[in-house]
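Asker: sharing a model that was predicted from the sequence below.
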Amino acid sequence: MRGPGQGAVRPELYTWDFNKGAIAMYRAMDMTPRRYVFGKKL
């Protein structure tokens with residue numbers, strides 16, 4: 001992983017929607033959702 005001094009611009013962290021603890025932690029780190037992926041069982 002690269003840091004700001006090495007050219008990193010925007011870190012991205014991933015979690016499942018049901019992982020409310022991770023979502024709360026990411027929000028506490030001042031991160032905001034950027035993308036949603038929807039699925040449907042066939």
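Answerer: Noted; the coordinates are in hand.
Asker: for the residue nearest the centre of the chain, helix, strand, or coil?
Answerer: The residue lying closest to the centre of the chain (C-alpha atoms, centre = their mean) is Leu13, at 3.4 Å. At Leu13 the chain is in coil, as set by DSSP: H, G, I helix; E, B strand; the rest coil.
Asker: do you know how far it is from Arg35?
Answerer: Between Leu13 and Arg35 the computed distance is 12 Å (C-beta to C-beta, to the nearest Å). Where you see a C-beta, it was placed from the backbone N, CA and C, and this is true even at glycine.
Asker: now swap in Arg27 and tell me
Answerer: 15 Å.
Asker: more neighbours: which of these two?
Answerer: Taking other C-beta atoms under 10 Å, Arg27 and Arg35 do not tie; Arg27 has more neighbours (11 against 6).
Asker: and Thr32, how many neighbours?
Answerer: Considering only other C-beta under 10 Å, Thr32 is surrounded by 6 other residues.
Asker: now do the residue nearest to the centre of the chain, the pLDDT please.
Answerer: Per-residue pLDDT puts Leu13 at 90.
Asker: surely it is in contact with Tyr26?
Answerer: Yes - using C-beta atoms under 8 Å, Leu13 is in contact with Tyr26, at 5.8 Å.
Asker: what is the neighbour count of Gly21?
Answerer: By other C-beta under 10 Å, 9 other residues sit near Gly21.
Asker: now the farthest one out in the protein, which residue is it?
Answerer: Here the centre of the chain is the reference, and by C-alpha atoms, centre = their mean the most remote residue is Leu42, at 26.6 Å.
Asker: so what's that one up against?
Answerer: Listed by C-beta atoms under 8 Å, 6 or more residues apart in numbering, Leu42 has no contact partners.
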